[in-house]
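> Here's my sequence, what's the structure:
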Amino acid sequence: MSRLSVVLPAYNEELMVGKTCRVLHEVLAEAGISYELVLVDDGSKDHTWEEILKAGGKDSNILGVHFSRNFGKEAAVFAGMAQATGEVVAVMDCDLQHPAETLIEMYRKWEEGYEVIEGIKKSRGNESFLHKKCAGFFLWDYVQSNKSGHAKYL
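From the prediction side, this is the model:
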């Protein structure tokens, strides 16, 4: 079975790191999916990095990346993808706004042979048109420019 790397950019998420790691462990382990969690602290001003270290000390499937300052979500995603060792990579927010169970559905689609799997929110809330378009373009551009890389991206 191929290993799934889940990249989780985090900014001021000290209260969510432990819970997110527990939830993802439960969901992925129950599904029998080999995984690693790559948490990227994007220069948080709280104790996010300490929580990542604590989680990594309890679970060898957790890897942390620490930025000296806030470089932005896209930089955190790139850094996480660069550190990911799995054959397939997924990106999700550290605050669990995306249901963890969708990782299983997406991973199973990848096992069926799909090369690119994208989750789309049913509602993006009050985000501007430009923000919505940029969010989609970022991932599409990254995947298209890295198709020759070692991993597939969910």
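
> Contacts for stretch 13-20, please.
By C-beta atoms under 8 Å, 6 or more residues apart in numbering, the residues outside stretch 13-20 that reach it are 8, 10, 39, 44, 46-48, 50-52, 54-55, 94-96. All C-beta atoms are positioned from the backbone trio N, CA, C, and that covers glycine.

> measure that stretch end to end?
Stretch 13-20 stretches 10 Å from its first residue to its last (C-alpha to C-alpha, to the nearest Å).

> where exactly do the strands run in this structure?
4-10, 35-41, 62-66, 88-91, 152-153 (DSSP state E).

> among the contacts of stretch 13-20, which ones are buried?
Buried subset of the contacts of stretch 13-20 (neighbour count, 16 or more other C-beta atoms under 10 Å): Leu8, Ala10, Leu39, Ser44, His47, Thr48, Glu51, Ile52, Ala55, Cys94, Asp95.

> From Val17, how far off is the second one?
Distance of Ala10 to Val17, given as C-beta to C-beta, to the nearest Å: 6 Å.

> which residues do those two both contact?
Leu39, Thr48, Ile52, Cys94.

> Would you state the helices of this protein in chain order?
With DSSP state H as the criterion, the chain has helices at 17-30, 48-58, 73-83, 101-111, 129-145.
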